[in-house]
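# return atomic coordinates for the entry below.
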Amino acid sequence: MKILIIANPKSGKGAAKKVMPRLKNFFEKNYAELDVYLTKKQNDATAKAKGAARSGRYDIIAACGGDGTVNEVLNGMVMAGKKGKKVRFGVIPLGTENVLAQETGIPFDTLSAARVILEGKTINIDLGNANGRYFVLMAGIGFDAHVASKLKPFVKKIIGRAVYPITAWNELLKYKHSELDITIDRKIKTKGTYIVVGNIKNYGAGLKITPKASISDGFVDACIFKGKDVFSFLEFIGGTFTKKHMDLSTIEYHKAKEVVVRSKDKVLCHVDCEVIGTTPVRIKACPGIVKMIVP
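This next block holds a predicted model:
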């Protein structure tokens, strides 16, 4: 068995470099051949994963880092085409949030996660695609994309996961919602001011904005917020901790194969917390296109 680990050396406040000797020793003891690649810049993991998957040299490509590293590696593997679909994907969590690891039950202990790569089961997972960019967690159009655009890497490095709620709170009173025209599966036409299209239940930080989502059901889940004022938005966000937001009159929810979002104003869109552009955005479900190793 030959494994490639693509690691972000900045994840977990530099933890990736520190854990590599332990990982190498672990895999060697278990008769697995290991190569390690430390990323140098943004999108480096995508290029490396794409080339590695196309080479046919590896049985498993694992992302070692946070959700950003996971996203880049998955994009590279899928971009590799048919050869990429043959390679299995693993995760060794480091970083700020690690939402995919939480969703799939992958342990946060490094060696325990490595053991899952060797001994876990393989499942086919879905991805979403927004304007050509794949995502495994969610796409957001509106407020959360605006917040993502305001995140400062040096602040994130200092205060970790608290950077998200702090930045969101600072931006909340200043943000002006724009009207979104939303089409679900080319049939349902509706409007909103903010939309999250989720591939999994867990949004991060305890929020479950798309609680009916499944990583392997062949659909993406669209949670549409229709309110405009701060109070109704806070009511919505507060409800996502207990799923009570699903009962609010300001919320509309759909399972979908395709979601198209247009607007008169240019509204930011993010995937897995990386801003990729503005509306219009076409999001589609990509069923079962990755083989992932889980406990």
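# where in the chain is pLDDT low?
96, 152-162 (pLDDT under 70).
# so what strands line up beside the longest strand along it?
Under DSSP state E, the strand in the chain containing the largest number of residues is strand 281-294. Here strand 281-294 has these sheet partners by DSSP bridges: strand 88-93 (parallel), strand 121-130 (antiparallel), strand 258-262 (antiparallel).
# now the residue nearest to K266 when sequence neighbours are not counted: how far from E103?
Nearest in space to K266, with sequence neighbours left out and distances taken as Cβ to Cβ, 6 or more residues apart in numbering, is T278 at 4.1 Å. All C-beta atoms are positioned from the backbone trio N, CA, C, and that covers glycine. For T278, the distance to E103 equals 28 Å [Cβ to Cβ, to the nearest Å].
# what do you get for G95?
15 Å.
# between those two, which one's more packed in?
Ranked by neighbour count (other Cβ atoms under 10 Å), G95 and E103 place G95 first, with 25 against 20.
# got a list of what that one touches?
8, 11-12, 65-69 (Cβ atoms under 8 Å, 6 or more residues apart in numbering).
# Y164 belongs to a helix?
Yes. The assignment for Y164 by DSSP: H, G, I helix; E, B strand; the rest coil puts it in a helix.
# now do the spatially closest residue to it that is not a sequence neighbour against T183, distance only.
Counting by Cβ to Cβ, 6+ apart, Y164 lies nearest to A205, which is 6.1 Å off, once chain neighbours are set aside. Look at A205 and T183: by Cβ to Cβ, they are 30 Å apart.
# okay, now R54: neighbour count?
Counted with other Cβ under 10 Å, R54 comes out at 17.
# how about the helices in the stretch 1-150 of the chain?
Ranges of helices in the stretch 1-150 of the chain, per DSSP state H, counting those that start in this stretch, are 11-29, 44-55, 67-79, 82-86, 99-104, 110-119, 143-150.
# which other helices and strands does the last one contact?
Packing partners of helix 143-150 (3 or more Cβ pairs under 8 Å, 6 or more residues apart in numbering; DSSP states H and E): helix 163-172, strand 194-198, strand 268-271, strand 274-278.
# now mean neighbour count and distance to F236 too, for those, in CSV please.
Conversion of the helices and strands packed on helix 143-150 to CSV gives the following (neighbours: other Cβ atoms under 10 Å; distance: least, Cβ to Cβ, whole Å):
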stretch, mean neighbour count, distance to F236
helix 163-172, 16, 12
strand 194-198, 26, 8
strand 268-271, 25, 18
strand 274-278, 17, 22
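# the ones you listed: which one's closest to K41?
strand 274-278 (13.9 Å; Cβ to Cβ).
# sheet partners, orientation included, of the closest one?
strand 268-271 (antiparallel).
# from the chain's centroid, how far away is the partner strand?
12 Å (Cα atoms, centre = their mean, to the nearest Å).
# quick one: Y37 from T242, how far?
Y37 is 41 Å from T242, by Cβ to Cβ.
# okay, the two: which has more neighbours?
Y37 (17 against 11).
# which strand residues bridge the more buried one?
I6.
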